[in-house]
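Undergrad: heads up, no residue letters with this:
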């Protein structure tokens, strides 16, 4: 699946999750999927926990975050 096809799985609707980017109009914000992955859950864990998600949905979350990071500067404060 191409990157553009993956990105078509990410939707933004003010009526769903306060307009946060979500997977296919479902109530799964991209942010939440990424938090699960960052917390150590595997793709297979997520697919088992949320059966209406597809593997491509999780890849779409990765691609969306990659695009967002490439488009914006991120300023970090070093301790």
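TA: Nice, thanks for sending it over. Quick caveat: nothing in here was measured; it's all calculated off a predicted structure. Numbering: from 1, shown residues only.

Undergrad: In stretch 39-48, which residues are buried?
TA: 43, 46 (16 or more other C-beta atoms under 10 Å). The way it works is simple: take the backbone N, C-alpha and C, and place the C-beta from them, glycine included.

Undergrad: Show the secondary-structure elements that the lengthiest helix in the chain is packed against.
TA: The longest helix of the chain (DSSP state H) is helix 55-71. With contacts taken as 3 or more C-beta pairs under 8 Å, 6 or more residues apart in numbering; DSSP states H and E, helix 55-71 sits against helix 3-7, strand 10-11, strand 22-23, helix 30-38, helix 43-49.

Undergrad: and that helix, how far out from the chain's middle?
TA: 6 Å (C-alpha atoms, centre = their mean, to the nearest Å).

Undergrad: Could you check the angle that helix makes with helix 30-38?
TA: If you take axes from the mean of the first three to the mean of the last three C-alpha atoms, to 10 degrees, helix 55-71 sits at 100 degrees to helix 30-38.

Undergrad: Ranking helices and strands of this protein by mean pLDDT, which lands last?
TA: helix 3-7 (a mean of 87; mean pLDDT, DSSP states H and E).

Undergrad: Now that one: buried residues?
TA: residue 6.

Undergrad: got a list of contacts for it?
TA: 56, 59-60, 63-64, 67 (C-beta atoms under 8 Å, 6 or more residues apart in numbering).

Undergrad: Could you list the low-confidence segments of the protein?
TA: 72-79 (pLDDT under 70).

Undergrad: same thing but at 80, please
TA: Where the chain drops to pLDDT under 80, the residues are 1, 71-79.

Undergrad: State the distance from residue 23 to residue 55.
TA: For residue 23, the distance to residue 55 (C-beta to C-beta, to the nearest Å) stands at 12 Å.

Undergrad: next one: residue 14
TA: Distance from residue 14 to residue 55, by C-beta to C-beta: 28 Å.

Undergrad: Could you do residue 41 as well?
TA: On the measure of C-beta to C-beta, residue 41 and residue 55 end up 14 Å apart.
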